[in-house]
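Q: Quick one, structure for this:
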Amino acid sequence: MRFALSDEQRQLQSTLSKVLKDVAPLERVRQFAAADEPVAQDIWAALVDVGVSAILVPEALGGLGLGLLEAALVAEALGGSVAPAPYLGSAVLGPLALLKAGSEDQIRRLAPLMAKGEVHTGVALSETIAGARDGAGVRAAEGGLSGAALFIIDEAAADFLLVADLEGGLHLIPAGGPGVSREPLRTIDATRRVGAAQFHNADGETLARGPATLNALRDAAFVILAADMLGAAGAMIDQAVAYAAARRQFDRPIASFQAVKHLCAEMAAELEPARALVWYAAYALEEGLPDAPLAAAHAKAHLAEVTRFIARTATEVHGGVGFTDLLGLHFWFKRIGLDRQLLGGPERIRQIAAEMQGLV
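A: The predicted structure follows:
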């Protein structure tokens, strides 16, 4: 069997890349990073127009009815342009949680709004997946949810918070509801809004009580974060190669120097096998293959290591200018850095993979 992208999937990538080139150039990214915008409305509106928010919502509910592989291709394009968009929460994990564990009423009420990009979902899963830090963690009781959640993905624009309690249950909490206090968290990546929240008997809608749905969301998040890193690293390689071809020393392009050739070739050789790993993990999850959770964990852990190497090496190819704000290469560098740690660094992900296999 030949595993490759279909014509429709390649067209999706091409269309999205053109849209992002127009609406999310580096100057717009820089503007968002320096401002307090909870969401870049112009960029999100353009993404909604091409169906990004509707990608996983069934057609009967106003969506496109596509799968996780298409969602990963979108993430790859967003990472390639470091687009500031609340994609993971609002277009992937929010709809997935609703469709997998929501009631008929919840699905009928919220899924069409998610497809239209009118409802944003913040994702508070970190403590349950990556392990609690600083005493954070949320517990569910009859009175509601209590505790603290850190590193809430896409928190600033959220209408709802998708919260995992320490027992693996999932809850949909109104972000501005009683008993919820939120604050932004500053991370290295200024292109995405991450926050924290305190819950004091906060009331919401319970989606699932066992860990099965949480594990499915974890696996999907691993793949999407890996795809985002894949796109960001690919863009960094392209920029390094273009710079090496244009930059001249000793009356010739530095791309002609053997050491620079080796650096660029090594980056490409590291990334291309990783692309197949990400695509397979997305495909395996969509098809429900037995090794899908393990493939998702391997994709996240491996891309975290490969793309860190690429981020460092691409910066080195640029020399001193690679560290300057004027060039903007640091936006991709930091995007990879945050992706690496969200929902667990590679060491934690390998621990999860070992537990899946009964090795620990």
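Q: Helix or strand: which one has Phe309?
A: helix 292-318 (DSSP states H and E).
Q: oh, I was asking about Ser181
A: Counting by DSSP H and E, Ser181 is part of strand 180-185.
Q: In this structure Gly65 contacts Glu59, no?
A: Yes - between Gly65 and Glu59 there is a contact under CB atoms under 8 Å: 4.2 Å. Yep, even glycine has a C-beta here, placed from its N, CA and C like the rest.
Q: which one of the two has more residues nearby?
A: Legend: neighbour count by other CB atoms under 10 Å for Gly65 and Glu59, higher for Gly65 (15 against 11).
Q: which residues does the more buried one contact?
A: Gly65 sits next to Val57, Pro58, Glu59 when contact means CB atoms under 8 Å, 6 or more residues apart in numbering.
Q: Just those: which are in helices?
A: Under the assignment DSSP state H, those contribute nothing to helices.
Q: that older thread, where do the contact lists of Gly65 and Glu59 overlap?
A: With CB under 8 Å, 6+ apart as the test, Gly65 and Glu59 reach no residue in common.
Q: before we move on, back to that, partner strands of the strand holding Ser181, parallel or antiparallel?
A: strand 194-202 (antiparallel) (DSSP bridges).
Q: State the mean pLDDT of the helix or strand just after the strand it pairs with.
A: Counting by DSSP H and E, the element after strand 194-202 in chain order, helix or strand, is strand 205-208. Averaged across strand 205-208, pLDDT comes to 88.
Q: buried set for strand 205-208?
A: For strand 205-208, the neighbour count (16 or more other CB atoms under 10 Å) marks Glu205, Leu207, Ala208 as buried.
Q: Help me confirm that the second one comes into contact with Thr213.
A: Yes - taking CB under 8 Å as the definition, Leu207 is a contact partner of Thr213 at 6.8 Å.
Q: Please enumerate the shared neighbours of the two.
A: Ala97, Ala101, Leu170.
Q: Tell me the buried residues in stretch 133-148?
A: Buried residues in stretch 133-148 (16+ other CB under 10 Å): Ala136, Gly137, Val138, Ala140, Gly144, Leu145, Ser146, Gly147, Ala148.
Q: show me what contacts the fifth one?
A: Contacts here follow CB under 8 Å, 6+ apart; on that basis Gly144 touches Gly179, Phe199, Asn201, Ala202, Asp203, Gly204.
Q: which non-adjacent residue is nearest the fourth one?
A: By the measure of CB to CB, 6 or more residues apart in numbering, the closest residue to Ala202 outside its immediate chain neighbours is Gly179, 3.6 Å from it.
Q: And the one you found, how close does it get to Gly210?
A: 24 Å (CB to CB, to the nearest Å).
Q: And the two? Which one has more around it.
A: Each of Gly179 and Gly210 has its neighbours counted (other CB under 10 Å); Gly179 has more, 17 against 12.
Q: My read is that that one contacts Ala197, right?
A: No - using CB under 8 Å as the test, Gly179 is too far from Ala197 to be in contact (10.1 Å).
Q: coming back round to it: between the contacts of Gly65, which is closest to Val241?
A: Nearest to Val241, judged by CB to CB, of these is Val57 at 37.8 Å.
Q: pretty sure the closest one is touching Leu66, no?
A: No - using CB under 8 Å, Val57 is not in contact with Leu66; the gap is 9.2 Å.
Q: Compare neighbour counts for the two and give me the winner.
A: Remark: of Val57 and Leu66, Val57 carries more neighbours, 28 against 21, as counted by other CB under 10 Å.
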